[in-house]
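S.K.: Need a 3D model of the sequence below.
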Amino acid sequence: MKISEVSLDATDLHILRLLQEEGRLSNARLADRLKLSETPVWRRLRRLEEEGFITGYQALINRKKLGIGLVAFVRIVFANHGNEQPSQFEQAIMSIPEILSCHNVAGEADYFLQVVARDLEAYGEFVSNVLRRLPGVAEIQSSLSMREIKSSNRLPLPLA
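M.R.: This next block holds a predicted model:
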């Protein structure tokens, strides 16, 4: 999707960049950084939220400080794709907090998951007690992260 197709101008993109860097910016500080008054910045921010460019705000939490030491990338294969199992699987995934992301993919796998756990033992229990019991799952293959090099949710926003 091209930026011109979604009606974002340079100020909108600047707002998105600033909020990706520091989501706790107040409207006043955001206006100051943009060199605009607060009312137009508030209107733009409201429009970006209403149009779905901004879908929410959250704190970034250090998982290791919470004792979550393991990240796994999990390849899921289904035996049968023609029934309700894929949609039941997707619905079930939504309520499992250990699954940070789930992608339906093309290729040999059907889904890739990013899963976190306290340690290897906890991950093994999660696979046995949760993943193996999900609808449609025929095969599970895990790749464990040895070391995290980069982790980000920041999108590469163009300079307008």
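
S.K.: how far out from the middle of the chain is the helix or strand Pro86 falls within?
M.R.: Using DSSP states H and E, Pro86 maps to helix 85-93. Mean C-alpha position of helix 85-93 versus that of the full chain (CA atoms, centre = their mean, to the nearest Å) differs by 18 Å.

S.K.: same deal with stretch 28-37?
M.R.: Averaged C-alpha coordinates place stretch 28-37 at 28 Å from its chain's average position (CA atoms, centre = their mean).

S.K.: and Ser151, backbone torsions?
M.R.: Reported as degrees, to the nearest 10, the phi and psi values for Ser151 are phi -140, psi 120.

S.K.: who does the helix holding Pro86 touch, helix- and strand-wise?
M.R.: The elements that helix 85-93 packs onto, with contact taken as 3 or more CB pairs under 8 Å, 6 or more residues apart in numbering; DSSP states H and E, are strand 70-78, strand 99-104. For every residue, glycine as well, the C-beta is placed using N, CA and C.

S.K.: do you know how far the most centrally placed residue in the chain is from Ile15?
M.R.: Closest residue to the average C-alpha location of the chain: Ser101 at 5.9 Å, with CA atoms, centre = their mean. For Ser101, the distance to Ile15 equals 25 Å [CB to CB, to the nearest Å].

S.K.: what residues go with each domain of this structure?
M.R.: 3-50, 63-144 (automatic domain parsing).

S.K.: export the ones you listed to a markdown table and tack on mean pLDDT and distance to Leu159?
M.R.: Putting those into a markdown table (pLDDT from 0 to 100; distance: least, CB to CB, whole Å) gives the following:
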| stretch | mean pLDDT | distance to Leu159 |
| --- | --- | --- |
| domain 3-50 | 91 | 7 |
| domain 63-144 | 96 | 28 |
